[in-house]
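A.B. asks: Whatever this is, show me its structure:
(chains A, B and C)
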Amino acid sequence: MTDAATSMRLKLPIACFILQIILIILFGVLVQYDHETDAKAWHNQSHSDYDNDFYFRYPSFQDVHVMIFIGFGFLMTFLQRYGFSSVGFNFLVAAFSLQWATLMQGFFHGMHGGKIHIGVESMINADFCTGAVLISFGAVLGKTSPIQLLVMAIFEVTLFAVNEFILLSALGAKDAGGSMTIHTFGAYFGLMVTRVLYRPNLNKSKHRNSSVYHSDLFAMIGTIYLWIFWPSFNSAVTAHGDDQHRTAMNTYYSLAACTLSTYGMSALTAHNGKLDMVHIQNAALAGGVAAGTAGEMMLTPYGSMIVGFLAGIVSVLGFKFLSPVLEDKLKIQDTCGIHNLHGMPGVLGAIVGAVTAAVATTDVYGKGMGDVFPDVASGDIEASFQGVRQVISLAVTLGIALLGGLIVGFILKLPIFGAPPDSICYEDSIYWEVPGDEEDHGEQLTAVTSAEVEKLNA
Amino acid sequence: MTDAATSMRLKLPIACFILQIILIILFGVLVQYDHETDAKAWHNQSHSDYDNDFYFRYPSFQDVHVMIFIGFGFLMTFLQRYGFSSVGFNFLVAAFSLQWATLMQGFFHGMHGGKIHIGVESMINADFCTGAVLISFGAVLGKTSPIQLLVMAIFEVTLFAVNEFILLSALGAKDAGGSMTIHTFGAYFGLMVTRVLYRPNLNKSKHRNSSVYHSDLFAMIGTIYLWIFWPSFNSAVTAHGDDQHRTAMNTYYSLAACTLSTYGMSALTAHNGKLDMVHIQNAALAGGVAAGTAGEMMLTPYGSMIVGFLAGIVSVLGFKFLSPVLEDKLKIQDTCGIHNLHGMPGVLGAIVGAVTAAVATTDVYGKGMGDVFPDVASGDIEASFQGVRQVISLAVTLGIALLGGLIVGFILKLPIFGAPPDSICYEDSIYWEVPGDEEDHGEQLTAVTSAEVEKLNA
Amino acid sequence: MTDAATSMRLKLPIACFILQIILIILFGVLVQYDHETDAKAWHNQSHSDYDNDFYFRYPSFQDVHVMIFIGFGFLMTFLQRYGFSSVGFNFLVAAFSLQWATLMQGFFHGMHGGKIHIGVESMINADFCTGAVLISFGAVLGKTSPIQLLVMAIFEVTLFAVNEFILLSALGAKDAGGSMTIHTFGAYFGLMVTRVLYRPNLNKSKHRNSSVYHSDLFAMIGTIYLWIFWPSFNSAVTAHGDDQHRTAMNTYYSLAACTLSTYGMSALTAHNGKLDMVHIQNAALAGGVAAGTAGEMMLTPYGSMIVGFLAGIVSVLGFKFLSPVLEDKLKIQDTCGIHNLHGMPGVLGAIVGAVTAAVATTDVYGKGMGDVFPDVASGDIEASFQGVRQVISLAVTLGIALLGGLIVGFILKLPIFGAPPDSICYEDSIYWEVPGDEEDHGEQLTAVTSAEVEKLNA
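C.D. replies: Numbers count the residues shown, from 1 in each chain, chains lettered A, B, ... in the order given. Have a look, this model is predicted:
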């Protein structure tokens, strides 16, 4: 299975070394500690060491960090022979993206006197941007080389930062948990990339594009961690105090409700009334995605539950009915079903956010309005106009994601990045030294681990 | 293996949708943000955003959350063919229970002007209550349908809230880590349920009621996470300051000591002097259970270690000698051995708590007495009477758990919930679409992964 | 495979019970709650409960705790038939070591009026010391009995505390993340132990000294968690405020850069240009090790990235070229390659720390100098002399580690500890009841899980 075209012998070292050296140079020129991480700056001011933002953001950061590296990484290990690549390329792409994102996001909204100032909040934002890249990775999982993924990350991070700047700074939209900036953007960007990279003969690898018993359990590690820490994700960069507290709680209830609707819909739609692991692994998370914009608002607990409930239903229906259509009619081969987990729930979240913003009143928010909708609090705009901003932001996000994905997809088509042939997709051994499952004892081996043989025979 | 009686096609969707819709309606009518999550209420008061309880409870909450969903979920994946159900039904039941618990616990001790006020502390308490349900789940693991589990959760959460109210509010007992309210209650409730659901012909599924090599490793993920975060569990809702700090540390040492006694006892009692994974996976956690009541008291570090040391011994002895007796003589089929991990160590913890409370003195607690034993500090009662309260609380807990389990067991016997037949217990494929372990390459498959064949042949 | 010499029937219970009882007695005599965990002492002072150090250290502690028990434990599960022992003995040894370390470290630098005072900071330090023991465990993995590991831990913890005292208290060195005290010490101690325990006939077990597909995925759980939480590890005991914040961020960027250089080097050096899981699992972590001393200093973000970048290169080169030489020429059988992950990167980190210290100026550190280099801030010494202190500390660490490992290695050679014979190394079944991978369905079993058969046949 070794082939000059797909060999990473030189391509990957060149890519990794050049990228990392560029990053180091740019960091050397552009990046500085912010006033909370710089020894001199911090001690120049009068405050307690306990007031450092580290103590109010870092636990959330670590939860997000687990989601990015364990959550996304293991969620994608569901494929039977692509576990090394799933968790391993996730690792590589994320390690690159978070550095690049620090620069791109800093360039667009963190410059101070020509320098990018960094601290725990920029670390969280870099992880967020990385999340969008990993969502797109899900669409092309098993069909792309690590070089393609790194190239995709270079462009996607850049466009993410542009879109984020337009939404949050230029348009004044709110999107703390990234229903738009992260999920909608990452999903539609990735869907367009995989559309451009359409492989008509992918069925040659179809036998590997499925799970086995243990790979589904590994994937559940990813699912459960994403589910647990999603409240931290949505609340990680909101205003301190009630905002962060409320966002976490709204997300918690949205996810819980989503889980029940996911199980219900899975049994209702799946074969023989049995639950489908694909639904459980993915759709149960849609409640987190859908609470990404409105989570920080006064969505109310039961409002959060309604959002999660609907997100689970939409997501399972997407897996069951829409994904086959996307693949057959629109030629969108979406390995992980990101349209169902991030695309539609992200759009749903954006709409919920727009509506919730539009109906905000001082009667409900009191003096807390300033944290959530500063322009409404200051009297510059009406709440209804904040809703309009949110809708425009969704449209902008979809536009940039689709156009960006189109262009980047064509770049990734260049035959120099070592993409796998159609017949060896979803297969670790093309890029990894893979050990056998066999264990050599110098004796005749006999058959094992076949509980389901009974089932197959039955 | 599809069968109308066990099909979840309609039963599960109906259960999930009706329950979730009822929850949404009740939340809409009854539940409000508390003053730390409500934008208006929080900003009406004068304080720093950094004083929000979010920053002092949320990291503990997330540790507890990991225990509930990863810890309990993966601990139960030890069965060779029940991994999907273990982690998946754990997920479903927990997502339901935490919502229902918010209502039940709020109803009994969180009403403010006819409304239930919620925030991070109620989230922790809801997770705690969920923990009790998951303990009971361990007793009936592999022998119940998801519908039965949801029905059990409805009643158990309710009774949990009643018992918790009696103990903490009416009787004035202390039980921060829930040796009584969570572990003793969950264990004896579950044991009674499984007694009522006794299956004389369960040996038809006996070949599946055991682990394989990899399933034991998945289970260790659960074990280790439970072990790591148990200090957070026991300290999550204690008073702030020294109390929370001390509780975490007591639990840490109790668990460490318990681990050593577990390994010692396992080698001493197991076949051929070899360690038994069942003991390691379970008994090493008994130290956390046993420190659940006294952990917040001035138990001293060495006192904590003695408690953990004894808990490990009791737990291993239970697995080795008591469980077979319970099954053969008392007809209690306890899949996970919850009597050994939660039952006996929970009772031990309750007794330790009663004794520690009874000997509390102002000389030791100083002004900190008010945090731990407010009624003793105020002079209303003697410390010895606090000990009496604790003992009464244990008796009440046992009574409600056993009686409740009895009634709920009979409810679950109704032949409408899709319970699996005796011959298909401990088997995922009855409720799940299960992929093969087989990988289709269009060629002859040969045998693999059989290191232990050598051993079997030896 | 049962053998009187290796049976743990009596040896392990005796060791565990005696050790634990000694620990309990010593804790009873020597250990007290500190002023932040003691009810009376805490309430005797005037401060808010929110000022308790619990809130500023405990989240970091829990991250470290995950690294010790999940990180180290699962990282070592890469061996195909040693998963139970990897995670299980890691568990046992760590549970003992953290108790023993509390005493030893307290004896050397925590005595107050004849008593050892403990709280969250001592818990972190105990976990740190445990980390060093687990590093050494990596060198002898698969070739030692649990008794040998416990004996090793007794001595290594003691010597660790001595070395730590010399470095931090006597020499005034800085080493917050333990490049020297933990990684260099643990690595060279373990390498010397495995040198003394050299087994010329270890090739009898060579077929088991490798991974299988799923065991590599389990190991990645360990790797990724170590990678995620390393920023918390390095910052867990630094001064509060900017120091803790900066240390976490430096480590974050060092690790990210290290990941890219690891992937590049792995593809460059490995067979056929394919990535080698051994490199990814280990070398990608070297950036955390190498930032262990300088991480708290004003290393700058790009400086951190350079350090990580170099660490990854050095580590992969070590695995590829140095490890075979160490084994063949120096007779050092290093199962996990700890020399490449902890040894060389630890020394690199020590040197980086010495250089960074030597060039420290008030211009850069401002009033923050007092937190990082108190003796420089007070004018007692020049910064360059702080650099000298750091270099001396590295030499002392290497000396104590090598000499200590030599002596302890000979102790472990005593034929009373139940070491496995050469032909049954890397094999769980010598110490554990191991279930089959086989599942008994009373019918003919057929072959499964053989994706790589295709590859082998190709």
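A.B. asks: what comes into contact with stretch A:102-120?
C.D. replies: With C-beta atoms under 8 Å, 6 or more residues apart in numbering or on different chains as the test, stretch A:102-120 has contacts from A:23, A:26-27, A:30-37, A:53-54, A:57-58, A:61, A:122-123, A:125-126, A:129, A:157-158, A:160-162, A:164-165, A:168-169, C:245, C:248-249, C:301. C-beta: built from backbone N, CA, C; applies to glycine.
A.B. asks: So which of those sit within helices?
C.D. replies: A:23, A:26-27, A:30, A:54, A:57-58, A:61, A:122-123, A:125-126, A:129, A:157-158, A:160-162, A:164, C:245, C:248-249, C:301 (DSSP state H).
A.B. asks: what are the ranges of the strands in the stretch 101-250 of chain A?
C.D. replies: Ranges of strands in the stretch 101-250 of chain A, per DSSP state E, counting those that start in this stretch, are A:111-112, A:115-118.
A.B. asks: buried subset of the contacts of stretch A:102-120?
C.D. replies: Buried members of these, counted by 16 or more other C-beta atoms under 10 Å in any protein chain shown: A:23, A:26-27, A:30-37, A:53-54, A:57-58, A:61, A:122-123, A:125-126, A:129, A:157-158, A:160-162, A:164-165, A:168, C:245, C:248-249, C:301.
A.B. asks: pLDDT at A:Thr2, what is it?
C.D. replies: Per-residue confidence at A:Thr2 stands at 49 (pLDDT).
A.B. asks: and if you look at A:Met111?
C.D. replies: Confidence score, pLDDT, at A:Met111: 85.
A.B. asks: How about A:Glu439?
C.D. replies: pLDDT, A:Glu439: 48.
A.B. asks: list the contacts for the closest residue to A:Met220 other than its chain neighbours?
C.D. replies: Nearest non-adjacent residue to A:Met220, counting by C-beta to C-beta, 6 or more residues apart in numbering or on different chains: B:Val87, 5.1 Å away. Contact analysis of B:Val87 by C-beta under 8 Å, 6+ apart lists A:217, A:220, A:224, B:73-74, B:76-77.
A.B. asks: Restricted to helices, list the residues you listed.
C.D. replies: Those of the contacts of B:Val87 lying in helices (DSSP H): A:217, A:220, A:224, B:73-74.
A.B. asks: now the helices: where do they sit in the stretch 251-400 of chain A?
C.D. replies: Under the criterion DSSP state H, counting those that start in this stretch, the stretch 251-400 of chain A contains helices at A:277-282, A:286-290, A:301-317, A:323-328, A:338, A:344-358, A:362-365, A:369-372, A:374-377, A:383-412.
A.B. asks: how about the nearest residue to the residue positioned nearest the centre of chain A, chain neighbours excluded?
C.D. replies: The centre of chain A sits closest to A:Gly131, judged by C-alpha atoms, centre = their mean, with a distance of 3.5 Å. Of all residues not flanking A:Gly131 in the chain, A:Ile182 sits nearest, at 5.3 Å (C-beta to C-beta, 6+ apart).
A.B. asks: repeat for A:Leu141
C.D. replies: In space, A:Leu141 is closest to A:Thr335, 4.0 Å off (C-beta to C-beta, 6+ apart).
A.B. asks: For chain B, see how far away the one you found is.
C.D. replies: Distance check for A:Thr335 against chain B: by C-beta to the nearest C-beta, to the nearest Å, it reads 16 Å.
A.B. asks: Based on its surroundings, how many neighbours for the residue in the stretch 101-250 of chain A that chain B sits nearest to?
C.D. replies: For the stretch 101-250 of chain A, the residue closest to chain B is A:Gly241, as judged by C-beta to the nearest C-beta, at 3.1 Å. By the criterion of other C-beta atoms under 10 Å in any protein chain shown, A:Gly241 has 24 neighbours.
A.B. asks: circling back to that earlier point, for the helices of the stretch 251-400 of chain A, which one sits closest to C:Gly404?
C.D. replies: C:Gly404 lies closest to helix A:277-282 among the helices of the stretch 251-400 of chain A, at 48.3 Å (C-beta to C-beta).
A.B. asks: quick revisit: looking at the strands of the stretch 101-250 of chain A, which one is packed in the most?
C.D. replies: Mean neighbour count (mean count of other C-beta atoms under 10 Å in any protein chain shown) peaks for strand A:115-118 among those, with a mean of 21.
A.B. asks: Given that one, what are its sheet partners and their directions?
C.D. replies: Paired with strand A:115-118 in the same sheet, following DSSP bridges, are strand A:31-33 (parallel), strand A:111-112 (antiparallel).
A.B. asks: looking at those, which is closest to C:Thr356?
C.D. replies: strand A:31-33 (14.2 Å).
A.B. asks: Any idea which residue of the stretch 251-400 of chain A lies closest to chain C?
C.D. replies: Per C-beta to the nearest C-beta, the residue of the stretch 251-400 of chain A with the smallest distance to chain C is A:Gln281, at 16.0 Å.
A.B. asks: residues contacting that residue?
C.D. replies: For A:Gln281, the contacting residues are A:75, A:78, A:216, A:219-220, A:222-223, by C-beta under 8 Å, 6+ apart.
A.B. asks: Indicate which one of the helices of the stretch 251-400 of chain A is closest to C:Ile416.
C.D. replies: helix A:277-282 (50.2 Å).
A.B. asks: Dump the closest one to PDB, keeping only the CA atoms.
C.D. replies: In PDB, the C-alpha atoms belonging to helix A:277-282 read as follows (Å, rounded to 0.1, in the frame of the first residue of the first chain):
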ATOM      1  CA  MET A 277     -25.300   4.400  17.400                       C
ATOM      2  CA  VAL A 278     -24.800   7.000  14.800                       C
ATOM      3  CA  HIS A 279     -27.700   8.900  16.100                       C
ATOM      4  CA  ILE A 280     -26.700   8.600  19.700                       C
ATOM      5  CA  GLN A 281     -23.100   9.600  19.000                       C
ATOM      6  CA  ASN A 282     -24.100  12.700  17.100                       C
END
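A.B. asks: who in the stretch 201-350 of chain A is up against chain C?
C.D. replies: A:208, A:212, A:214, A:218, A:221 (C-beta under 8 Å from any C-beta of the partner chain).
A.B. asks: Would you check which of the residues you listed are in contact with chain B?
C.D. replies: When contact is defined as C-beta under 8 Å from any C-beta, those meet chain B at A:208, A:212, A:214, A:221.
A.B. asks: Number of residues surrounding the second one?
C.D. replies: Spelled out, it's A:Val212. Per other C-beta under 10 Å, the neighbour tally for A:Val212 reads 24.
A.B. asks: Distance of A:Asn90 relative to chain C?
C.D. replies: To chain C, A:Asn90 is 9 Å away according to C-beta to the nearest C-beta.
A.B. asks: same deal with A:Val408?
C.D. replies: Plainly put, A:Val408 is 20 Å away from chain C if you go by C-beta to the nearest C-beta.
A.B. asks: So that residue is in contact with A:Phe155, correct?
C.D. replies: Yes: using C-beta atoms under 8 Å, A:Val408 is in contact with A:Phe155, at 4.7 Å.
A.B. asks: quick one, which of those two is more surrounded?
C.D. replies: A:Val408 (26 against 18).
A.B. asks: which residues touch that one?
C.D. replies: By C-beta under 8 Å, 6+ apart, A:Val408 lies in contact with A:151-152, A:155-156, A:189, A:193.
A.B. asks: let's see 7 Å
C.D. replies: Listed by C-beta atoms under 7 Å, 6 or more residues apart in numbering or on different chains, the contact set of A:Val408 reads A:152, A:155-156, A:193.
A.B. asks: same deal with A:Ala357?
C.D. replies: A:174, A:297, A:373, A:383, A:386-387, A:390.
A.B. asks: which one among those residues gets closest to chain B?
C.D. replies: Taking C-beta to the nearest C-beta as the measure, chain B lies nearest A:Met297 of the contacts of A:Ala357, at 8.6 Å.
A.B. asks: and A:Tyr252, what is it in contact with?
C.D. replies: Contacts for A:Tyr252 (C-beta under 7 Å, 6+ apart) come out as A:231, B:123.
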